[in-house]
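> here are the coordinates; sequence isn't available:
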């Protein structure tokens, strides 16, 4: 049949035996997602449509997380609009402050995204759920509105690039380094309109949190989606977090790929993306000069999960952030927050001179909770280092793993745990 | 379908949605308000200079980054009649069509057209004419259903009129 994993999922949801790259299809949706920035626009669009309510109140997830807890009056009005829409349409999966988390950490944790699903979300990092073997992709608010109303979306079937991962990452190398390495290699439009399909026996050496991080940043290479095969680890994650039935799709052995890369994970080094594009990567060994920094952010849909916080705590334990350093740690969900508390991680952060925030996307997109002033530099575990992304247009963002971010907070300059005394 | 004609604002590779409309303004979803900050972080003068009908030309991967529909909304509300680029990021491409902002992929035009040129785009044929230079380029013509969405000022109106 020569189909990739993504193509098989799309074919099944379009009621077709076979699809090929470039074909336009209409697919049934298992979940439609929106946040407090994108949903108000979608709600307004949906109100203009001649439809009676949503297609399925159980298959829509509304997660106010970007400017929440409300950062100002306008944001509060947006959240109110989403809240009232959720109430009126009896949306099952609306998450208020207290239950909410950053959407792409929250939904898998709630068991709402499983292997074999087709998911659209009005947020570009919706591609995260590919870690569990789902087809998931970011769309805009109008697509979200049409999805909420009809339960369907049109897609152009993507071709794919295969990344064959082998070997085992060394200490202090994590999923973030893997995806930054890949983006550095293929560029920010290297996978434009395409699927990024990860395969190979190196996958068994990546935790679920590593895989979420990797799939999450597929969009940073221009990808339509990133997807992993479903193994025992993914199955046990889904069983632990929910009851929804999953379906495993596998790429055909003779599936056609536009390009194939083999990456030996054991050769990767801690990798940092320099301003102002995620493709401007250097390994820690290539950085010869001292790059002084003012702020560190550890969190986001990319790296705010428990593994990430554990690594950061391992680095910060018994150490203190550099003088004048602002180190902001943001657990991605309430559950992660609680687990981090129970494991004593929050105590380690606070004793190290970091602050711990309630879950929010806040600083990642320059919303609030850590905006940069003119000329300031930040090492951040987030996903984008575009001009002005976190504040002033002359500020600089260096994207890195939680290990590098924590070590940099201690050193006051870009560093790595292996370099700390 | 009527053609677009206007003066060109020219940009380079990877113009991302954070510079098209910075997130600090996303506490609003009002098109007119968003338009007042359009391109602010990449070109401070854009909003004071842009006139109704003007055209944006850029090279690779225009609109990369966030899925914010506010980006094409801001461009359209600022009066821009068409965006020409070598390639577009895929979410931006979908969003532009869904809200009725005409966009054309054409590597040759994207490379040759300069800031300040007067350019005309025929949506039926995909032909792009640089009136200033006297050159023409063959861009991707709009498929019929996309033309209808754009003529209806977006997907929602199009669905309603079907």
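Good, I have the coordinates. Keep in mind it's a predicted model, so treat the numbers as computed, not measured.
> after the host helix or strand of residue B:5, next one along is what?
Residue B:5 belongs to strand B:4-10 when assigned by DSSP states H and E. Later in the chain than strand B:4-10, the nearest helix or strand by DSSP H and E is helix B:17-20.
> so how far is that next one off the chain centroid?
13 Å (C-alpha atoms, centre = their mean, to the nearest Å).
> mind listing what's buried along that helix?
B:17-20 (16 or more other C-beta atoms under 10 Å in any protein chain shown). C-betas here are computed from N, CA, C, even on glycine.
> and it, what does it pack onto?
Judged by 3 or more C-beta pairs under 8 Å, 6 or more residues apart in numbering or on different chains; DSSP states H and E, helix B:17-20 is in contact with helix B:70-77.
> which strands and helices sit next to the helix it packs on?
Using 3+ C-beta pairs under 8 Å, 6+ apart, helix B:70-77 is in contact with helix B:17-20, helix B:31-35, helix B:90-99.
> list the buried residues in the helix or strand of chain B at the bottom of the mean pLDDT ranking.
Sorting the helices and strands of chain B by mean pLDDT, DSSP states H and E puts helix B:144-151 at the bottom, at a mean of 79. Using 16+ other C-beta under 10 Å as the burial criterion, the residues of helix B:144-151 that qualify are B:146-151.
> do stretch A:97-112 as well
Within stretch A:97-112, the residues scored as buried using 16+ other C-beta under 10 Å are A:100-112.
> would you list those in CSV and tack on secondary structure?
Formatted as CSV, those follow (DSSP: H, G, I helix; E, B strand; the rest coil):
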residue, secondary structure
A:100, coil
A:101, strand
A:102, coil
A:103, helix
A:104, helix
A:105, helix
A:106, helix
A:107, helix
A:108, helix
A:109, helix
A:110, coil
A:111, coil
A:112, coil
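> of those residues, which one scores lowest on pLDDT?
Least confident of the buried residues of stretch A:97-112 in the model: residue A:100, at 95.
> list the contacts for that one?
Residues near residue A:100 by C-beta atoms under 8 Å, 6 or more residues apart in numbering or on different chains: A:63-65, A:68, A:106, A:333-334, A:359.
> just the buried ones among those, please.
For those, buried by 16+ other C-beta under 10 Å: A:63-65, A:68, A:106, A:333-334, A:359.
> closest to residue A:151 among these?
Using C-beta to C-beta, the shortest approach to residue A:151 within these belongs to residue A:63, at 19.0 Å.
> would you turn the contacts of residue A:100 into JSON lines with secondary structure?
Listed next are the contacts of residue A:100 as JSON lines, based on three-state DSSP:
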{"residue": "A:63", "secondary structure": "strand"}
{"residue": "A:64", "secondary structure": "coil"}
{"residue": "A:65", "secondary structure": "coil"}
{"residue": "A:68", "secondary structure": "coil"}
{"residue": "A:106", "secondary structure": "helix"}
{"residue": "A:333", "secondary structure": "strand"}
{"residue": "A:334", "secondary structure": "helix"}
{"residue": "A:359", "secondary structure": "coil"}
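> contact residues of chain B facing chain A?
Residues of chain B lying near chain A by C-beta under 8 Å from any C-beta of the partner chain: B:14, B:16, B:18-19, B:22-24, B:26-29, B:41-42, B:60-61, B:64-70, B:72-73, B:87, B:89-91, B:94-95, B:98-99, B:154-157, B:159-160.
> whichever of the residues you listed end up buried, select them in ChimeraX.
To isolate the buried members of those in ChimeraX, using 16+ other C-beta under 10 Å:
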select /B:14,16,18,19,22,23,24,26,27,28,29,41,42,60,61,64,65,66,67,68,69,70,72,73,87,89,90,91,94,95,98,99,154,155,156,157,159
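> chain B: which of the contacts of residue A:100 is nearest?
residue A:68 (11.6 Å; C-beta to the nearest C-beta).
> can you pull out the helices in the stretch 251-400 of chain A?
A:300-303, A:306-316, A:334-342, A:345-351 (DSSP state H, counting those that start in this stretch).
> out of the ones you listed, which gets nearest to chain B?
Closest among the helices of the stretch 251-400 of chain A, using C-beta to the nearest C-beta: helix A:300-303, at 11.9 Å.
> what is the closest one packed up against?
In terms of contacts (3+ C-beta pairs under 8 Å, 6+ apart), helix A:300-303 is packed against helix A:103-109, helix A:208-216.
> tilt between the longest one and helix A:306-316?
Right, the one you point to is helix A:208-216. Here helix A:208-216 points in a direction 110 degrees away from that of helix A:306-316 (axes from the mean of the first three to the mean of the last three C-alpha atoms, to 10 degrees).
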